[in-house]
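Enquirer: Pasting a predicted model and its sequence here:
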Amino acid sequence: MLKTALAVTITYAALVGAASAEPKTNILHQWATGSDAAAIAKLGEMFTAAGGTWEQTSIAGHTANTLAKLRADVVAGNAPPAVQLKGPEIAEWNETGMTANLDDLAAAEGWEKVVAPELLPVMKPAGHWVAAPMNIHRINWLWSSPKVLQEAGVAEVPKTWAEFNAACDKVVAAGKICIAHSTADWTDSTVFEVVVYGQDIDLYKKAFVEGDVEAMRSEGMVKALTQLRKMTSEYMDPGMVGRDWDTMSHLVGRGEAAFHIMGDWTIGLLTAGGFKEGTDYVCSQAPTDWGKPGFILNSDSVVFFTQKDQDYIDGQQLLAKTILSPEFQTVFNQAKGSIPARLDVDLSQGFNPCQQLSQKDLQASIEAGTLVRSMAHNMTIPQKYRGAIMDTVTEFVNTPSMSPEDGANAMADAVEAQM
Amino acid sequence: MADLSLARVADPEAAAAGRRFLAGRIAIYGILGVFALIYLAPLVVVVLNSFREQPEIARNGLINLPRSFTLEAWSSAWGSYCIGGTCEGMKRNFLNSLAMTIPATIISTLLGALNGYVLSKWRFRGSEALFTLMLLGVFMPGQIALMPWAFVLGKLGLTNSTYGLVLVHVIQGISFTTLFCRNYYVSIPDDLIKAARIDGAGFWRIFRKIVLPLSPPILIVTVIWQFTGIWNEYLFGVVFTSGREQPITAALVALTAGGTTARTYDVMSAAVLIGALPPLLVYFFGGKYFVRGLTQGAIK
Amino acid sequence: MTIAMVDGEGVSFRQRAGRWWPVVVLAPSLLASFVYVVVFTLWTLYISLSNSGLLPSYGFVGLENYASLWANRRWNIAYNNLFFFSAFYILGSMAVGLLLAILIDQRVKGEALWRTIFLYPLAVSFIVTGTVWSWLYNPADGVQMLVRSLGWESFSFALASDRNTAIYAVIITGIWQSSGFAMALFLAGLRSVDPDLVKAAQIDGASAFRTYRKVILPTIAPIFLAVAVVQIQFAIKTFDLVAALTRGGPGVSTTFPAIYVYDLMFQRGQIGEGAAAAMMMLAALAVVLVPYSFFVVWRRRRESRHG
């Protein structure tokens, strides 16, 4: 009780202090268009409403563009006050000693108790808070078209990979595309990590979380690549090359494809296409062969770099506070399809049933010990290893003549070359 | 110049020659026509799509005759399309690019003219070696220069400002402009300069009275070259600006990278045209000088 | 021609001061170019031998980055692509440019119009070019859909979507964009050929083809070199075009060194290895440039001796 009172007082003092100065920020991020941009614009509105001066630098296209900008600013000696950065990058930048420490704010706001435990090591890589999480994305989703499944005579959504293949055989026999896909390094890797995770969770942890090269060369990886090859050559259509990633899920919505394996931003894309949950598409956990709830987690976050100007330091405090406020977590995630990084936000109002399921499965997977972070979405191993793996996966997908054994070896070799 | 197809020979063969001439003409115009079609096709597709309505494009495909007409896409791309969280279209980016491209083009062209003048008419021991050094700048890949530039601009306090970008583009452009102007000025007779010097004219007077008046063709070439190059540059434009100062190429990439909705080909087409318009106009009006300027010595 | 030209007893103060103007005028550009060319390159060279990761740092590790680079499949593909692409792109633009220049040189009507048509792609950024052509290559929206909707159902035009042919899509687009420049240079060259030479050949009864082959083209040989050098530097720097057209795909089939350097340096936080890759790009340039610059200097010397 006393603690809460103290926290309130500190927060109040911080707010008053903030009000007397002029909190400013300029956030560097890569959400330039569509609902992503709309979601970040909400942050701006709330920041401005709280008395801050909001500016943003959004850089479209490849993530490398955003990172190039960040590096150039750091080399030039004026690191941006706030940057959208993820996973291991937070730890890497933390090691440069340039990130700002948010421990006081975190203590005052009680982040420790409300933020999903799996995110804590990411947000405080060396024991100190340097980043504020915005959301939790789930990667292992299976989006299905009830219409296509019915036409093909598939009674229910597949729960294991064997069921999935059986369902696909029926769908293909019925003359439909089984898996809606658009090939690119990150989409190919997304599907692949879902396969590996669903087949063998220990292999996933060894290869994709710990970066163990022997695990990449193992039988299990060959088996996963065999499944991936089956999916790319039999269940995906040739149109996967050159298709826009932002409209591939519409194949499911329109009833042209049975399944789509992708993270929950698909909700936003399907909604934008005018498709309804329940009738045009249904969501379920992607197949697993070990019969428990599972969750591959991805999270967007904002990292703060040390500033000299007091206005920007105040701005960082205000921005971090705003990001972790239940109000922002609600509005932002309703727009983006993900769920709040705070576990104490009620999703019963204004959230899609899939998002509600996501929150439920997150809790269940924490209890079952099956929660993992996503490799494809840059939450585990450093970029150089991740890049090497993704290069190999997309090359494998686009090279029908490459055998699963060669694929596994090429992956291990590529990662080893970076060590 | 080479009037090769006009082989007007004596009467008996005149008819045959005439037929050959005609066949030759048909072949020439035929081949040119086919190439012109291929060259124009992308432009035509984009122009048509910028006036079509998106649902109609989605129905009938990207390459098709318009069955709808609207200026909506243009006004949206210019003033109201949402890029990076602000719904102001690409107007500001367009003006940013102008504010960066015009000074950078003028300064680098002037420096190139002066350098070219020195390197062609006031050579000194070692000036050729220095010229070669400057020439190497033409070949520097942008990815190499990015990080060092960031450091230099940081030291000069010019990061995230249009001035910094102008400086970068001027220095990277000097090698091209110097090369063009130097090669052009070489063809100005040395006797002209010699006579002026005997009359007592100095370095600047000769430049103003003799060299500059002869320069328009090559200056137009360098202006075209610099303007298009700087206007179309993306990487540095994005990395060395911040927030509202981003150039037009940044907006173009944002627009064409696709968002979370189905691609709006109509707005993208209009945006592509708006983004390409200034250099296209520069080429359109300067095109004939371009070939002429090159003819008069820029290619040596 | 040297500055010392009018040196002598009766030189006025103005003239003596004027003697320094050339150096003064040249100095800022020279300094800037020196920093840009020499200092930046040496810095990159040093970084390529360092343990730089996320940010540049200066711990010396020898050739480690180079070894790691060449052990990488994607880099090898990228480097091979560069040579393959450069060869076809340069020859292609030169061939198309020369053909167009010769045709336009036949006193065609509306020369300015033809020239503008072939030159305009040069004004358009690689981003715009790549985007628009990716629409045309897209099997679902582009040329393939058009032809199929006209009734030829089995027509296939998916150049950019097949890993074996995607590189040709990049080459064709590159040629589309830059052959106008080659045309302009060749046209300029053709216009500068001495008309008497051509007349003499015609009087000798040489055919048009023979006149071009034996008389005109040899006299504009230096232009071939100039075109080639300009195109080579375009080819080696190829970045925006591929980034917008194929994003290096399908798979990694159209990865180029410039893209890989960018990925390593900025996406993956391997600045040391990225710098090593950049040095290899410069090495590829040097293979072409060193002989060329010797040639240029030699020609200049000869020129100034005679001039």
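Expert: Noted; the coordinates are in hand. Numbering: from 1, shown residues only, chains lettered A, B, ... in the order given.

Enquirer: Tell me how far residue C:279 lies from residue A:292.
Expert: Applying C-beta to C-beta, to the nearest Å, the value for residue C:279 to residue A:292 is 51 Å. All C-beta spots, glycine's among them, are computed from the backbone N, C-alpha and C.

Enquirer: Compute the number of surrounding residues for the closest residue to chain B within the stretch 1-150 of chain C.
Expert: Of all residues in the stretch 1-150 of chain C, the one sitting closest to chain B is residue C:125 (3.3 Å; C-beta to the nearest C-beta). By other C-beta atoms under 10 Å in any protein chain shown, the residues close to residue C:125 number 25.

Enquirer: Grab the nearest non-local neighbour of it.
Expert: Once flanking residues are discounted, residue C:125 sits nearest to residue B:232: 3.3 Å by C-beta to C-beta, 6 or more residues apart in numbering or on different chains.

Enquirer: Return the helix or strand in chain C with minimum mean pLDDT.
Expert: helix C:13-18 (a mean of 60; mean pLDDT, DSSP states H and E).

Enquirer: And residue C:279 and residue A:292? Which one has more around it.
Expert: residue C:279 (22 against 13).

Enquirer: Quick check on the residue of the stretch 1-150 of chain C closest to chain B: phi, psi?
Expert: phi -70, psi 160 (degrees, to the nearest 10).

Enquirer: which parts of the stretch 1-150 of chain C sit against chain A?
Expert: The stretch 1-150 of chain C comes close to chain A at residues C:53-56, C:68, C:71-74, C:134, C:137-140, as judged by C-beta under 8 Å from any C-beta of the partner chain.

Enquirer: Which among those count as buried?
Expert: Restricting the residues of the stretch 1-150 of chain C next to chain A to buried positions leaves C:53, C:54, C:55, C:56, C:68, C:72, C:73, C:74, C:134, C:137, C:138, C:139, with burial counted as 16 or more other C-beta atoms under 10 Å in any protein chain shown.

Enquirer: got the buried residues for the host helix or strand of residue B:171?
Expert: Here residue B:171 sits within helix B:162-185, counting by DSSP states H and E. Neighbour-count burial for helix B:162-185 flags B:162, B:164-185 (criterion: 16+ other C-beta under 10 Å).

Enquirer: tell me, which of those make contact with chain A?
Expert: Within those, nothing lies near chain A by C-beta under 8 Å from any C-beta.

Enquirer: sorry, back to before: in helices only, show me the buried ones among the residues of the stretch 1-150 of chain C next to chain A.
Expert: C:68, C:73, C:74, C:134, C:137 (DSSP state H).

Enquirer: Generate a markdown table for those residues, with pLDDT and distance to residue A:379 as supplementary columns.
Expert: Output for these, formatted as a markdown table (pLDDT from 0 to 100; distance: C-beta to C-beta, whole Å):
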| residue | pLDDT | distance to residue A:379 |
| --- | --- | --- |
| C:68 | 89 | 25 |
| C:73 | 82 | 25 |
| C:74 | 85 | 23 |
| C:134 | 84 | 30 |
| C:137 | 86 | 34 |
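
Enquirer: Would you point out the most distant pair within the residues you listed?
Expert: C:68 and C:137 (34.2 Å; C-beta to C-beta).

Enquirer: hang on, the earlier thing: for chain B, tell me which of the residues of the stretch 1-150 of chain C next to chain A show up nearby.
Expert: Among the residues of the stretch 1-150 of chain C next to chain A, proximity to chain B is found for C:56, C:138 (C-beta under 8 Å from any C-beta).

Enquirer: Residue ranges of each domain in the chain, please.
Expert: Just so you know, I chose chain A. Residue ranges for the domains of chain A, per automatic domain parsing: A:2-137+A:299-351, A:141-297+A:357-417.

Enquirer: try chain B instead
Expert: Taken from automatic domain parsing, chain B resolves into B:11-79, B:91-298.

Enquirer: Neighbours of the nearest residue to residue A:231 once chain neighbours are set aside, how many?
Expert: Closest residue to residue A:231 apart from its sequence neighbours, by C-beta to C-beta, 6+ apart: residue A:179 at 5.9 Å. Other residues near residue A:179 come to 25 when the count uses other C-beta under 10 Å.

Enquirer: What about residue A:404, how many residues nearby?
Expert: Counted with other C-beta under 10 Å, residue A:404 comes out at 18.

Enquirer: now it: how far from residue A:40?
Expert: From residue A:404 to residue A:40 the distance is 41 Å (C-beta to C-beta).

Enquirer: Kindly report the same for residue A:183.
Expert: 28 Å.

Enquirer: Residue B:107 now?
Expert: Distance from residue B:107 to residue A:40, by C-beta to C-beta: 37 Å.
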